[in-house]
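Participant: could you look at this predicted model? Sequence included:
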Amino acid sequence: MKKPILVFAIAAMFSLQACGQKENVPAKTESSFAQKFPDAKKVKWDKENMNEWEAEFKMNGKEYSANFDNVGKWMETEYEIKTSELPAAVKTTIENEFNGFDIEEAEVSETPGGKVFELQMEQDENEVEVAIAPDGKVIKKAEKSDNDNQGDEENDEGVND
C-alpha cells in the first residue's frame, strides 16, 4: 500500500515543479510572446539569466527560440533554415569569401536591429561561424580549427588522471 502513495507523491511533486516553472515566467513576458507568436505550439520556457527568458516552440513546421526580458521586451528570435532558403546575396558572399566550405547549419537571427543569417561552416579541419546580413555583408566571423580542440582534449585528459 505504501508504494502507490509514494508514486503518487513523487508524481505530484514533479507536477508542482512543472507548474511552478511556468508560473515563474513574468505575465508581461508571456503576454508579449503570445502577441508576437499567436500560432506558436508546444512552448517551453527556460530562464536564460536574471533578466531574460527563452521560449522554445514550433511554428509553421519549424523549431524556433525567442528571447524576452522580464518586462516583455522582445530581444531575439532564431530558427533553422535550409541552405536553399538563403538570399542570393548571402550565397554570393559564401561563394566568394568562403569558397570550399560546407554549410553545416544555417539559422536566421532576428533582433530589433534587423535580421542576419548565422552559418556554421567547415572545410577540412577548419570551422567558421559567420553572421551575414541579407545584403551579403559579413557582420561577424569566428574561426576555430580542430587543432584548437586538440589542446582542449589534452587538458581534459590530464584532469582525469
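Facilitator: On my side now, so go ahead.
Participant: please make it C-alpha for all contacts and neighbour counts, starting now.
Facilitator: Fine.
Participant: how distant is stretch 30-39 from the center of its chain?
Facilitator: 18 Å (C-alpha atoms, centre = their mean, to the nearest Å).
Participant: mean confidence (pLDDT) on it, please.
Facilitator: For stretch 30-39, the mean pLDDT works out to 97.
Participant: so how far is the host helix or strand of Gln120 off the chain centroid?
Facilitator: Under the criterion of DSSP states H and E, Gln120 resides in strand 114-123. Chain-centre distance of strand 114-123: 13 Å, with C-alpha atoms, centre = their mean.
Participant: ok, stretch 52-70 next?
Facilitator: Counting by C-alpha atoms, centre = their mean, stretch 52-70 is centred 8 Å from the centre of its parent chain.
Participant: likewise stretch 25-37?
Facilitator: That offset, for stretch 25-37, works out to 18 Å (C-alpha atoms, centre = their mean).
Participant: make 10 the first number, not 1, from now on.
Facilitator: Will do, 10 is the new start, and the previous item becomes stretch 34-46.
Participant: thinking again about what came up before, point out the other helices and strands that the very next helix or strand once past the strand holding Gln129 packs with.
Facilitator: Downstream of strand 123-132, the next assigned helix or strand under DSSP H and E is strand 135-141. With contacts defined as 3 or more C-alpha pairs under 8 Å, 6 or more residues apart in numbering; DSSP states H and E, strand 135-141 has these neighbours: strand 123-132, strand 147-154.
Participant: looking at those strands, which is buried most?
Facilitator: Comparing the helices and strands packed on strand 135-141 by mean neighbour count (mean count of other C-alpha atoms under 10 Å), strand 123-132 ranks first with a mean of 19.
Participant: that strand pairs with which strands?
Facilitator: strand 111-120 (antiparallel), strand 135-141 (antiparallel) (DSSP bridges).
Participant: which residues are in contact with it?
Facilitator: With C-alpha atoms under 8 Å, 6 or more residues apart in numbering as the test, strand 123-132 has contacts from 95, 109-119, 136-143.
Participant: again with stretch 52-65
Facilitator: Stretch 52-65 is contacted by residues 31, 34, 38, 51, 66-67, 72-79 when judged by C-alpha under 8 Å, 6+ apart.
Participant: quick one, which of those are buried?
Facilitator: Burial by neighbour count, 16 or more other C-alpha atoms under 10 Å: within those this picks out 34, 38, 66-67, 72-79.
Participant: distance to Asn60 and secondary structure for the residues you listed - can I get that in a markdown table?
Facilitator: Formatted as a markdown table, the buried ones among the contacts of stretch 52-65 follow (distance: C-alpha to C-alpha, whole Å; DSSP: H, G, I helix; E, B strand; the rest coil):
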| residue | distance to Asn60 | secondary structure |
| --- | --- | --- |
| Val34 | 11 | coil |
| Thr38 | 11 | helix |
| Phe66 | 20 | strand |
| Lys67 | 24 | strand |
| Glu72 | 23 | strand |
| Tyr73 | 20 | strand |
| Ser74 | 16 | strand |
| Ala75 | 14 | strand |
| Asn76 | 10 | strand |
| Phe77 | 9 | strand |
| Asp78 | 6 | strand |
| Asn79 | 5 | coil |
